[in-house]
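# starting from these lines, generate the structure:
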Amino acid sequence: MTLQISATNPEHPALLLELPWHVPLEQWPDEYLVPLPRGISRHVVRYARAGSEVVAVKELAERPALREYELLRTLDRLAIPAVDPLAVVTGRTDAEGAPLEPVLITRHLGGSLPYRSMFETTMRPGTVHRLMDALAVLLVRLHLAGFAWGDCSLSNTLFRRDAGAYAAYLVDAETGELHPRLSDGQRAYDIELARVNISGEMLDLEASGALHPSIDPIAFGTEIGERYDALWTELTRTSVYPAGKHHYMERRIRRLNDLGFDVAEMQISHADQGDTVTFVPKVVDAGHHQRQLLRLTGMDAEENQARRLLNDLESWMATQDDYAPGDPPPSSRLRSNRGDPHGARAEVLAHRWVRDVFRPTVRAVRDHVPDRTDAAELYHELLEHRWYLSERAQHDIGLDAAVADYVKNIAGRSRPFNSPSENGPRPPA
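Numbering: from 1, shown residues only. Below is the predicted model of the structure:
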């Protein structure tokens with residue numbers, strides 16, 4: 001058999017050839033492996049280094065490997081939070097020429113953890129509820145895209161911090177199916193599978209002593225369905241408003257934006273009496289603030305991180321000489337279209353903010369914090385610290401003072417996966 005590496009990026013096959021494909025994955029030497037926490041899987045999974053990248057390698061049969069590879073590529077095109085597929089390796093044989101299982105290779109999601117690693121120290125109920133919120137958002141996004149997971153569980157999900165909240169990413173798409181649109185029955189079946197799987201995983205954690213004693217595993221599994229239903233209803237329900245109450249529609253749009261979704265289309269139809277308007281939001285994938293931050297600054301961040309950074313950018317813009325009293329408010333300038341002169345000015349100011357504020361601030365504390373903290377998350381934590389100190393002092397202490405205090409009193413400590421803002425009140429997003 002001839003070794004074949006199917007990859008979309010021409011650079012990956014050359015890097016992947018250095019790995020010991022003639023050895024069963026379970027027996028790979030330590031020199032190739034990266035000691036990162038792994039979740040539970042029905043397949044053999046290992047983290048390895050390929051050039052400068054860390055990759056996840058999973059052994060499975062050829063047909064499901066190729067199918068999952070294509071599904072993950074499709075989810076990537078749909079901007080769904082999932083691991084990034086790199087390649088499928090087939091035609092593997094051992095030293096005696098006996099066939100070995102093919103492997104699916106995905107890029108390791110930096111800063112992420114499987115749920116079991118997060119429960120190594122008992123997590124508080126509020127933190128666990130936020131994990132469920134993140135998983136519910138992921139399920140809604142998948143279902144809006146027409147993707148039925150078929151095996152939703154905590155084991156098939158990775159979590160990472162997103163400005164004090166959590167973002168969930170799909171890891172295992174082996175059982176998934178993509179349709180133009182999911183029926184109510186397909187969605188209900190997916191949620192029922194999630195309920196059963198999550199309750200089972202929580203019972204397993206309870207047996208190991210890692211689950212907080214106040215958490216009921218069965219009730220908690222049921223809660224994921226309730227959270228999903230609430231979010232799905234808010235995103236897809238049809239609203240009927242009295243004619244002339246257009247601010248009601250604006251309020252609804254803002255609620256959807258606050259949940260991380262954009263409105264792609266509205267259907268406004270007057271009743272025969274002309275006294276009602278029907279408003280049907282058609283939502284696109286979450287990432288409203290991500291796309292806005294990327295457009296203005298070129299920075300790629302998680303949704304909640306992007307929201308916080310945009311708030312800081314907007315406040316900073318209001319202090320600049322370029323912001324004349326007759327100009328539109330910073331918020332409207334940030335939301336301007338590309339062709340609008342105010343939008344062009346906003347992009348210039350945004351790049352100045354990155355150069356003069358964001359990057360110098362991150363550099364000032366980068367050497368004092370763990371490598372796993374990305375720049376956007378670190379800047380968010382500095383904003384949180386500034387807010388906390390300002391609340392205590394009853395006036396704005398400024399970013400420089402917050403950085404100095406953060407380096408002195410916070411950065412040197414061993415920080416858990418949970419955001420430090422859990423220990424106190426948070427400012428509004």
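# what segments of the stretch 151-300 of the chain are helices?
Using DSSP state H, counting those that start in this stretch, the helices assigned to the stretch 151-300 of the chain run over residues 184-208, 217-236, 246-258, 288-297.
# highest mean neighbour count out of those helices?
Mean neighbour count (mean count of other C-beta atoms under 10 Å) peaks for helix 288-297 among the helices of the stretch 151-300 of the chain, with a mean of 20. (Each C-beta comes from the backbone N, C-alpha and C, glycine too.)
# so, low pLDDT: which residues of the stretch 151-300 of the chain?
164, 243-246, 259-268, 270-286 (pLDDT under 70).
# nearest to Arg141, out of the helices of the stretch 151-300 of the chain?
Distance to Arg141, taken as C-beta to C-beta, is lowest for helix 217-236 among the helices of the stretch 151-300 of the chain, at 9.8 Å.
# how far does that closest one sit from the chain's center?
19 Å (C-alpha atoms, centre = their mean, to the nearest Å).
# redo the helices of the stretch 151-300 of the chain as JSON lines? Include distance to Pro64.
Compiled in JSON lines, the helices of the stretch 151-300 of the chain are given as follows (distance: least, C-beta to C-beta, whole Å):
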{"stretch": "helix 184-208", "distance to Pro64": "18"}
{"stretch": "helix 217-236", "distance to Pro64": "26"}
{"stretch": "helix 246-258", "distance to Pro64": "36"}
{"stretch": "helix 288-297", "distance to Pro64": "31"}
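# of those, which is nearest Tyr379?
Closest among these, using C-beta to C-beta: helix 288-297, at 11.6 Å.
# what is the orientation angle of that closest one with helix 246-258?
Counting by axes from the mean of the first three to the mean of the last three C-alpha atoms, to 10 degrees, helix 288-297 lies at 80 degrees to helix 246-258.
# just how off-centre is helix 288-297 within its chain?
15 Å.
# got it, and stretch 127-147?
How far stretch 127-147 lies from its chain's middle: 10 Å, per C-alpha atoms, centre = their mean.
# I'd like the mean pLDDT over stretch 374-382, please.
For stretch 374-382, the mean per-residue pLDDT is 91.
# can you give the contact residues for it?
110-111, 161-164, 299, 301-302, 304-306, 308-309, 312, 358, 361-362, 365-366, 369, 373, 399, 402-403, 406, 410, 419-421 (C-beta atoms under 8 Å, 6 or more residues apart in numbering).
# repeat for stretch 115-131
Residues outside stretch 115-131 that contact it (C-beta under 8 Å, 6+ apart) are 37, 39-40, 154-155, 157, 159, 165-166, 168, 201, 205, 210-212, 214-215, 220, 223, 416-418, 422.
# repeat that for stretch 39-54.
When contacts are defined by C-beta under 8 Å, 6+ apart, stretch 39-54 is touched by residues 12, 15-16, 18-19, 24-26, 28, 32-36, 38, 55-60, 105, 107-108, 114-117, 154-156, 158, 171-172.
# tell me which of those fall in strands.
Counted as lying in strands by DSSP state E, out of these, are 55-59, 105, 107, 114, 158.
# which ChimeraX command selects the buried ones in those?
Selection of buried members from those for ChimeraX, criterion 16 or more other C-beta atoms under 10 Å:
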select :55,56,57,58,59,105,114,158
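# report the two of the ones in strands among the contacts of stretch 39-54 separated the most.
Glu59 and Leu158 (19.1 Å).
# how near is Gly111 to Gln394?
According to C-beta to C-beta, to the nearest Å, Gly111 and Gln394 sit 35 Å apart.
# out of those two, which sits in the busier spot?
Taking neighbours as other C-beta atoms under 10 Å, Gly111 and Gln394 compare with Gly111 leading, 19 against 6.
# now the residue nearest the centre of the chain, nearest residue through space, not along the chain?
Among the residues of the chain, the one closest to the centroid is Ala167, at 3.5 Å (C-alpha atoms, centre = their mean). Nearest non-adjacent residue to Ala167, counting by C-beta to C-beta, 6 or more residues apart in numbering: Glu302, 5.3 Å away.
# quick check: that neighbour touching His289?
No: with contact defined as C-beta atoms under 8 Å, Glu302 does not count as touching His289 (9.2 Å).
# got the CA coordinates for stretch 144-156 in PDB?
What follows is stretch 144-156, C-alpha atoms only, in PDB (Å, rounded to 0.1, in the frame of the first residue of the first chain):
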ATOM      1  CA  LEU A 144     -29.400  27.000  12.200                       C
ATOM      2  CA  ALA A 145     -26.800  25.800   9.600                       C
ATOM      3  CA  GLY A 146     -28.700  22.600   9.100                       C
ATOM      4  CA  PHE A 147     -26.200  20.400  10.900                       C
ATOM      5  CA  ALA A 148     -27.500  17.500  13.000                       C
ATOM      6  CA  TRP A 149     -24.700  16.500  15.400                       C
ATOM      7  CA  GLY A 150     -26.100  13.000  16.200                       C
ATOM      8  CA  ASP A 151     -23.800  12.600  19.200                       C
ATOM      9  CA  CYS A 152     -23.700  15.900  21.200                       C
ATOM     10  CA  SER A 153     -21.900  15.400  24.500                       C
ATOM     11  CA  LEU A 154     -19.300  17.200  26.700                       C
ATOM     12  CA  SER A 155     -16.700  14.600  25.500                       C
ATOM     13  CA  ASN A 156     -17.200  15.800  21.900                       C
END
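# if we look at it, which residues are touching it?
39-41, 75, 78, 80, 114-116, 131, 135, 139, 142, 170-182, 186-187, 189-191, 193-194, 197-198, 201, 235, 283, 285.
# and stretch 353-365, by the same measure?
Outside stretch 353-365, the residues within contact range by C-beta under 8 Å, 6+ apart are 297-299, 309, 312-313, 316-317, 375, 378-379, 382, 399, 403, 406-407, 411.
# got the buried residues for that stretch?
353-354, 358, 361-362, 364-365.
# got the buried residues for stretch 28-35?
28, 32.
# let me fix that, I meant to ask about stretch 130-141.
Using 16+ other C-beta under 10 Å as the test for burial, stretch 130-141 gives 130-141.
# narrow these to those in strands?
Among these, no member falls in strands (DSSP E).
# which of those residues sit farthest apart?
Within these, two members stand farthest from each other by C-beta to C-beta: Arg130 and Arg141, at 16.7 Å.
# what's the angle between the helix or strand containing Ala306 and helix 288-297?
Element membership for Ala306, per DSSP states H and E: helix 303-317. For helix 303-317 against helix 288-297, the angle by the same axes, to 10 degrees is 50 degrees.
# just how off-centre is helix 303-317 within its chain?
Chain-centre distance of helix 303-317: 17 Å, with C-alpha atoms, centre = their mean.
# can you check stretch 105-120 too?
What separates the centre of stretch 105-120 from the centre of its chain is 12 Å, taken as C-alpha atoms, centre = their mean.
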